[in-house]
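Novice: Sequence first, predicted coordinates after that:
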Amino acid sequence: MGPEREHEACANTRAILMVGVNYTVEPLQDRLTKPLNRTTTDRSLASERKKKSLCASLYQRWPEHPNFPPQIIPKLKEDCLHGTVVHTLKCVRDTNHKLSIKSCQSIDKSINLAHSAWMFKKYRYLNSLRVFEVAARNLSFTKAAEELYMSQGAVSYQIRELETRLSLKLFRREIRQVSLTDAGERLYKVTRRALIDIDSEITALTSSQDMATLTIAASTYFTTRWLSKPLTQFLNTHPDMALQLQHSVNTPDFKVGKYDLAIRWGKPPWKGVISRELMPMPMMPVCSPDLLKGHNTLQNHPISLASFTLLRDQENVDLWPDWLRKAGVPEEAIIHSRVIADPVVRTQAALDGQGIMLADGLVDAELENGSLITPFDINLEGYGYHVLWDETVELSPASVQFLGWLMTQA
């Protein structure tokens, strides 16, 4: 292919890229120099001039040398001649040729614009469908006009336009009445269903905006063992509040500022937050009574813990070292231990007799029914559940309301 033909093909391609939204197939220079059709209306004349001005501006910004490989030029030129705009744009972008990042971004933008124009062209009769639905539901153009605050002539025009665009006869026009054709019946059913779905979704979206949304961070252990039951009553008495529970409160990257309120176990203070004690919860060793069969001296000698498996939390929050120090047991004396980060799973492991764990007062039910026991009367004080929030954020009215309610439940 000679240099002149290659330059011509590139010019055609750039024209497609720059005016793709107009679905032109003529070269850019032809479009810029083509005389205006004097028979067009003033509005069309202004629109055509605007398009020419846009083309000229875009042409100046487009790279002069896209460097398309010779083997792709015939295909691009063929696509240009057939007006397959989006296909041409994607072909230019995806073919292995050297284009700058800026050029690729321009191509992607042109693809989006061309696709948007195609979608608008394809669905430009949506307003006519709305008019059709009302007319079909009432089987009267007059009643449709009254409902839509339009003239009867405007309703008739919209229906005719829709029938023309779809190449379908939707209504049988009879003396002083209209009826639906088979095609009209089918279109009415699907249009009616779609409009109802849209209206329902909009209603749901707008109504949810009126609800106060509150995001609370709390562990699954605390939620299942304590929070869930009183929370049911709160939600029943506050239907205008949408509550979201997040359970990542014990993860290493947890940040209080991501939530309205957080309920966290631990020992204050915490940096960068305001805390309020919800319920004090000393830590104590618990285990299944079946685990102690044959070990009657355990209660009097904590050092005998060396014969058992300790069920531990993850290392950064594990309190067994503190408890062993308080009990006078060297940590190196402990031979067997298992790390179970999830407190729900760790509690179940203790119930199943797999070892001894440190637990708080949320296992009171198991202590009362005897499924768990406390082998030692040695507790770690100062721990408990606290409500936290970011010190730099003012609590929302919903947060204040929930916090006030929560403090009365402890």
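Specialist: Alright, I've got the coordinates. Everything quoted here is computed from the prediction, not taken from an experiment. Numbering: from 1, shown residues only.

Novice: Show me where the stretch 151-300 of the chain has its strands.
Specialist: Secondary structure of the stretch 151-300 of the chain by DSSP state E, counting those that start in this stretch: the strands cover 171-174, 177-180, 212-218, 241-246, 261-266, 273-280, 284-286.

Novice: Nearest to A349 among those would be which one?
Specialist: Taking Cβ to Cβ as the criterion, strand 284-286 is the member of these that comes nearest to A349, at 11.4 Å. Every C-beta, even on glycine, is put in place using the N, C-alpha and C of the backbone.

Novice: quick one: contacts of the closest one?
Specialist: Outside of strand 284-286, the residues that reach it under the criterion Cβ atoms under 8 Å, 6 or more residues apart in numbering are 323, 350, 356-360, 363, 366-367, 372-376, 378-380.

Novice: if we can go back for a sec, would CSV of the strands of the stretch 151-300 of the chain with mean neighbour count and mean pLDDT be doable?
Specialist: Putting the strands of the stretch 151-300 of the chain into CSV (neighbours: other Cβ atoms under 10 Å; pLDDT from 0 to 100) gives the following:
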stretch, mean neighbour count, mean pLDDT
strand 171-174, 12, 91
strand 177-180, 15, 91
strand 212-218, 19, 86
strand 241-246, 14, 86
strand 261-266, 22, 90
strand 273-280, 16, 92
strand 284-286, 23, 93
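
Novice: Where does the record place the domain boundaries for this protein?
Specialist: With domains defined by automatic domain parsing, the chain comprises 3-122, 126-208, 212-280+385-409, 284-378.

Novice: ok, back up a step: what subset of the contacts of strand 284-286 is buried?
Specialist: Among the contacts of strand 284-286, those buried by neighbour count (16 or more other Cβ atoms under 10 Å) are 323, 350, 356-360, 363, 366, 372-376, 378-380.

Novice: In strands, which of the residues you listed fall?
Specialist: Assignment to strands by DSSP state E places the following of these there: 356-359.

Novice: can I get these in TSV with distance to F308?
Specialist: Below are these laid out as TSV (distance: Cβ to Cβ, whole Å):
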residue	distance to F308
I356	5
M357	11
L358	13
A359	15
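
Novice: Determine which two of these are furthest apart.
Specialist: Every pair in these was compared (Cβ to Cβ); the two farthest apart turn out to be I356 and A359, at 9.6 Å.

Novice: got any residues that touch both of these two?
Specialist: Each of 285-286, 350 lies in contact with both I356 and A359 under the rule Cβ under 8 Å, 6+ apart.

Novice: circling back: and of the strands of the stretch 151-300 of the chain, who's closest to H386?
Specialist: Distances from H386 to each of the strands of the stretch 151-300 of the chain were compared by Cβ to Cβ, and the smallest falls on strand 273-280, at 4.5 Å.

Novice: so what does the closest one touch, helix or strand wise?
Specialist: Counting contacts by 3 or more Cβ pairs under 8 Å, 6 or more residues apart in numbering; DSSP states H and E, strand 273-280 packs against strand 384-390, helix 397-409.
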